[in-house]
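Q: Coordinates only, no sequence provided:
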Ligand code: TYD
Ligand code: MG
């Protein structure tokens, strides 16, 4: 068996009794619950609208095991019961057994590589590049690594099983040829029956199994249709249990559908160890993959890729990729650059705003890339503390390039973008702004300010509008620092 699988198995065996992989809940001993196929919340009775996320007609019937049946499952090592403690206990050791996939940006998201015996969920819209990325990951793990720094010791390749439940083996082969993927240690299985998939996994003994996608596989013993909540949870649990008990890493692909016809990956987020999502949509050339849950590393790390004719290409130095270069004319009004932390990396992004007079009494606020609640607050602060009349205006705010920034550190840039659009006053070229806004109109300091300044200076931005820090800020050659205490100050000097 392969090295990682052996190590993972050793960990797993310490805490789990060896048991047959396929579990079955005793059907008679179950009680009925209803699960929302959008947000995964559980309710005792059926409702037309999910009280948690507000989606209509999203609750599906689910037979939950009774306490009796659960006790029985605990004895057989049910991951939902014993798995949490096991996983936490593993964390220290996992550092040493982590296997880098060879795709740096993917390893970055996972915190250094795949942990044997872990379950990873990769979610995203259809067509965004999940299959492409995972086929490339499969190749990187399976292809013999002939190069090492000293040019001697060769790392052994690891066997990978790629289970395709959506496409035929032939379609996968065609895609693989396009991507230049080729290795004897990469096996493809076109199968949708989870029991047969698990049998094959036992036979093949791979280090990593990729199931693309989890929503298309089914368990024949269950009466529910493939893609339903019951099927999704049960198939996923079986595969996660297999990972825990055998030390094989399992990567599950899940689609996010806006229409909600399939149960979403949200439902299985709590079952797996690591959750990564493709962000934005497929209309942008750059793909941002963000880690939202990681039991083996830090979260909110992002991986950056570019979709090319030959698959996804890593973007290791994003530089000013997400910032438009306006040349000598400078930016138009409503455009402000900010430096956002994305995991441990600083990303320069461009906040764009547009205001336009609206139909009386129906002012629209449309926001993408930043939190709409935050924008509502910023608009209120602009009205009250900077005397800007926006009530009769439609306000549109967007972050260029499909990036999502969730930090309050972008508040100042959003406020300045809206003000600049409203007053039709563009900023000087090379200006950027960071700072959190308080309800009183004060500009607060932000974490990692120095790191943000250094990155902006590296990329040639010459003028920074930042919270007041006194003498604590580094003097970076060529960059003029403008420290502000209040929003009105930033707007006056804009
Ligand atoms: P895919 O990985 O099939 O998406 P998902 O599995 O998330 O549904 O990606 C599909 C898109 O990527 C498709 O529109 C074509 C494009 N693509 C490229 O541009 N270059 C490539 O080399 C490949 C394989 C796909
Ligand atoms: Mg796919």
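A: Sure thing, it's come through. The structure presented is a predicted model; accordingly, all values stated were derived computationally and were not measured. Numbering: from 1, shown residues only. Ligands and ions are numbered 1, 2, ... in the order given.
Q: Scan the chain for its longest helix.
A: If you go by DSSP state H, the chain has its longest helix at helix 229-246.
Q: for it, packing partners?
A: Helices and strands touching helix 229-246, by 3 or more CB pairs under 8 Å, 6 or more residues apart in numbering; DSSP states H and E, are helix 3-15, strand 59-65, strand 119-124, helix 194-204, strand 249-255. C-beta coordinates here come from the backbone N, C-alpha and C atoms, glycine included.
Q: do that again at 6 Å, thanks
A: Applying 3 or more CB pairs under 6 Å, 6 or more residues apart in numbering; DSSP states H and E, one finds that helix 229-246 contacts strand 59-65, helix 194-204.
Q: who wins for proximity to ligand 1 among these?
A: With CB to the nearest ligand atom as the criterion, ligand 1 lies closest to helix 194-204 of the helices and strands packed on helix 229-246, at 18.2 Å.
Q: Tell me which residues are up against the closest one.
A: 21-22, 161, 163, 187, 189, 191, 209, 217, 219, 235, 238, 242 (CB atoms under 6 Å, 6 or more residues apart in numbering).
Q: My impression was that residue 35 belongs to a strand - is that right?
A: Yes - assessed with DSSP: H, G, I helix; E, B strand; the rest coil, residue 35 lies in a strand.
Q: Smallest distance to ligand 1 belongs to which residue of the stretch 301-450 of the chain?
A: residue 311 (4.1 Å).
Q: Any idea how many residues pack against the closest residue to that residue other than its chain neighbours?
A: Closest residue to residue 311 apart from its sequence neighbours, by CB to CB, 6 or more residues apart in numbering: residue 179 at 4.3 Å. Using other CB atoms under 10 Å, residue 179 has 17 neighbouring residues.
Q: ok, now how distant is residue 179 from residue 129?
A: Per CB to CB, to the nearest Å, residue 179 is found 11 Å from residue 129.
Q: same check, this time on residue 207
A: Distance from residue 207 to residue 129, by CB to CB: 23 Å.
Q: just residue 118 next, same as before
A: Relative to residue 129, and taking CB to CB, residue 118 is found at 22 Å.
Q: who has more neighbours, the two?
A: Ranked by neighbour count (other CB under 10 Å), residue 118 and residue 129 place residue 118 first, with 27 against 18.
Q: Return the residues in contact with that one.
A: Residues in contact with residue 118 (CB under 6 Å, 6+ apart) are 249, 273.
Q: rewinding a little: what's the pLDDT at the residue nearest to residue 311?
A: At residue 179, the model reports a pLDDT of 91.
Q: for residue 136, same thing?
A: Reading off the model, residue 136 has pLDDT 94.
Q: Spit out the contact partners of it.
A: Taking CB under 6 Å, 6+ apart, one finds residue 311 in contact with residue 136.
Q: which stretches of this protein aren't confidently modelled?
A: 1-30, 64-96, 144-157, 258-263, 280, 471 (pLDDT under 70).
Q: what does it put close to ligand 1?
A: Residues of the chain found near ligand 1, taking CB under 6 Å from any ligand atom as the criterion, are 124, 126-132, 175, 178-179, 307, 309-311.
Q: out of the residues you listed, which are inside helices?
A: Among these, the members found in helices (DSSP H) are 130, 131, 132, 175, 178, 179.
Q: Which pair of the residues of the chain next to ligand 1 spans the longest distance?
A: Spatial extent of the residues of the chain next to ligand 1 (CB to CB) is set by the pair 126 and 310 at 21.0 Å.
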